[in-house]
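Undergrad: Take this sequence and fold it.
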Amino acid sequence: MATLDEWTTTAGRALGLDPADAAAHQRVVLDLARDVAHGVARPAAPLTAYLLGVAVGRGADPEQAAATLTELARSWPQPPAPAG
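TA: All right, here's what the predicted structure looks like:
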(Lines give C-alpha, C1' and ligand atoms only; values in the text may rest on other atoms or scores of the structure.)
Protein backbone atom coordinates (compact mmCIF):
# COMPACT_ATOMS: atom_id res chain seq x y z
CA MET A 1 0.00 0.00 0.00
CA ALA A 2 3.01 2.31 0.25
CA THR A 3 2.90 2.99 -3.49
CA LEU A 4 -0.84 3.66 -3.35
CA ASP A 5 -0.45 6.02 -0.39
CA GLU A 6 2.40 7.84 -2.12
CA TRP A 7 0.41 8.11 -5.34
CA THR A 8 -2.69 9.40 -3.54
CA THR A 9 -0.68 12.05 -1.71
CA THR A 10 1.21 13.12 -4.83
CA ALA A 11 -1.87 13.18 -7.07
CA GLY A 12 -3.82 15.09 -4.43
CA ARG A 13 -1.08 17.70 -4.12
CA ALA A 14 -0.96 18.05 -7.92
CA LEU A 15 -4.66 18.95 -7.76
CA GLY A 16 -4.15 21.36 -4.88
CA LEU A 17 -5.68 19.08 -2.24
CA ASP A 18 -4.53 18.72 1.33
CA PRO A 19 -2.84 15.29 1.65
CA ALA A 20 -5.20 14.40 4.50
CA ASP A 21 -8.21 15.13 2.28
CA ALA A 22 -6.74 13.13 -0.58
CA ALA A 23 -6.34 10.03 1.61
CA ALA A 24 -9.37 10.48 3.88
CA HIS A 25 -11.74 8.22 1.97
CA GLN A 26 -9.27 5.98 0.17
CA ARG A 27 -10.77 2.74 1.55
CA VAL A 28 -14.32 3.86 0.68
CA VAL A 29 -13.34 4.59 -2.93
CA LEU A 30 -11.40 1.33 -3.30
CA ASP A 31 -14.27 -0.71 -1.88
CA LEU A 32 -16.74 1.04 -4.18
CA ALA A 33 -14.52 0.43 -7.21
CA ARG A 34 -14.23 -3.27 -6.31
CA ASP A 35 -17.99 -3.67 -5.92
CA VAL A 36 -18.72 -1.88 -9.19
CA ALA A 37 -16.03 -3.79 -11.10
CA HIS A 38 -17.42 -7.13 -9.90
CA GLY A 39 -21.11 -6.24 -9.89
CA VAL A 40 -21.43 -4.17 -13.05
CA ALA A 41 -18.34 -4.15 -15.28
CA ARG A 42 -14.65 -3.42 -14.80
CA PRO A 43 -14.71 -0.24 -16.91
CA ALA A 44 -17.57 1.07 -14.76
CA ALA A 45 -15.29 1.26 -11.69
CA PRO A 46 -13.20 4.32 -12.63
CA LEU A 47 -16.24 6.07 -14.08
CA THR A 48 -18.15 5.49 -10.86
CA ALA A 49 -15.22 6.78 -8.81
CA TYR A 50 -15.29 9.90 -10.96
CA LEU A 51 -19.04 10.32 -10.41
CA LEU A 52 -18.51 9.92 -6.67
CA GLY A 53 -15.87 12.66 -6.80
CA VAL A 54 -18.17 14.99 -8.70
CA ALA A 55 -20.99 14.37 -6.21
CA VAL A 56 -18.68 14.96 -3.23
CA GLY A 57 -17.31 18.09 -4.89
CA ARG A 58 -20.88 19.35 -5.09
CA GLY A 59 -21.43 18.75 -1.40
CA ALA A 60 -22.57 15.12 -1.09
CA ASP A 61 -21.44 13.19 1.96
CA PRO A 62 -18.69 10.80 0.73
CA GLU A 63 -19.77 7.86 2.88
CA GLN A 64 -23.46 8.18 1.97
CA ALA A 65 -22.80 8.70 -1.73
CA ALA A 66 -20.50 5.67 -1.81
CA ALA A 67 -23.09 3.59 0.05
CA THR A 68 -25.76 4.57 -2.48
CA LEU A 69 -23.53 3.60 -5.40
CA THR A 70 -22.43 0.37 -3.72
CA GLU A 71 -26.05 -0.66 -3.19
CA LEU A 72 -26.81 0.16 -6.82
CA ALA A 73 -23.86 -1.97 -7.99
CA ARG A 74 -24.81 -4.88 -5.76
CA SER A 75 -28.37 -4.85 -7.09
CA TRP A 76 -27.32 -4.49 -10.73
CA PRO A 77 -28.85 -7.26 -12.88
CA GLN A 78 -26.37 -9.94 -13.83
CA PRO A 79 -26.36 -11.44 -17.32
CA PRO A 80 -27.58 -15.01 -17.54
CA ALA A 81 -24.92 -17.69 -17.17
CA PRO A 82 -23.84 -19.26 -20.46
CA ALA A 83 -25.64 -22.48 -21.30
CA GLY A 84 -23.64 -25.56 -21.38
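Undergrad: How about the contacts made by the closest residue to residue 39 other than its chain neighbours?
TA: Ranked by C-beta to C-beta, 6 or more residues apart in numbering and with sequence neighbours excluded, the top spatial neighbour of residue 39 is residue 73, at 4.0 Å. For every residue, glycine as well, the C-beta is placed using N, CA and C. Contacts here follow C-beta atoms under 8 Å, 6 or more residues apart in numbering; on that basis residue 73 touches 32, 35-36, 39-40, 44, 48.
Undergrad: 7 Å instead, please
TA: Shown in contact with residue 73 (C-beta atoms under 7 Å, 6 or more residues apart in numbering): 35-36, 39-40.
Undergrad: For the lowest-mean-pLDDT helix or strand in the chain, list every residue counted as buried.
TA: Confidence across the helices and strands of the chain bottoms out at helix 19-23, with a mean of 83, counting by mean pLDDT, DSSP states H and E. Buried residues in helix 19-23, defined by neighbour count with 16 or more other C-beta atoms under 10 Å: residue 22.
Undergrad: now swap in stretch 72-84 and tell me
TA: residue 73.
Undergrad: Same check on stretch 9-28?
TA: 9, 12, 22, 25, 28.
Undergrad: Quick check: nearest residue in space to the last one, chain neighbours excluded?
TA: What it means is residue 28. The spatially closest residue to residue 28, leaving aside those adjacent along the chain, is residue 66, at 4.7 Å (C-beta to C-beta, 6+ apart).
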